[in-house]
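Undergrad: what follows is a predicted protein model with its sequence.
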Amino acid sequence: MMYALLTAVQDGGAGLGLIGAGLAIGLTVIGAGIGIGQIGSSAAEGIARQPEAAGNIQTASIILAAFVEGAALFGLALVFLKF
């Protein structure tokens with residue numbers, strides 16, 4: 001696998017596009033992970049402060065996490081369009 005990557009880089013621009021695509025999806029996944037972590041942290045803090053609002057907080061955090069995952073899937077789709 002490493003040999004294929006090195007030969008692709010040596011051939012010209014094709015290898016650099018693959019490296020860029022790998023970096024793009026990696027950064028997208030890292031960003032989505034950070035976003036979902038922030039949502040979970042804030043939800044846990046909100047539930048700890050107001051336990052009676054746990055249902056509303058949980059519903060809102062699930063919806064927000066779905067939006068973050070949707071954005072990550074758009075990033076993945078853009079990377080696949082490169083191929």
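TA: In hand now; what should we look at?

Undergrad: need the helices for this protein, in chain order.
TA: With DSSP state H applied, the chain shows helices at 2-11, 13-49, 54-82, listed in chain order.

Undergrad: can you redo those as a markdown table with mean neighbour count and mean pLDDT?
TA: C-betas here are computed from N, CA, C, even on glycine. Compiled in a markdown table, these are given as follows (neighbours: other CB atoms under 10 Å; pLDDT from 0 to 100):
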| stretch | mean neighbour count | mean pLDDT |
| --- | --- | --- |
| helix 2-11 | 11 | 64 |
| helix 13-49 | 14 | 87 |
| helix 54-82 | 13 | 89 |
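
Undergrad: tell me the pLDDT of the residue in the chain sticking out farthest from the centre.
TA: Of all residues in the chain, the one whose C-alpha sits farthest from the chain's mean C-alpha position, using CA atoms, centre = their mean, is Glu52 at 31.4 Å. Note on Glu52: pLDDT of 95.

Undergrad: that one and Phe80, how far apart?
TA: Here Glu52 is placed at a distance of 45 Å from Phe80 (CB to CB, to the nearest Å).
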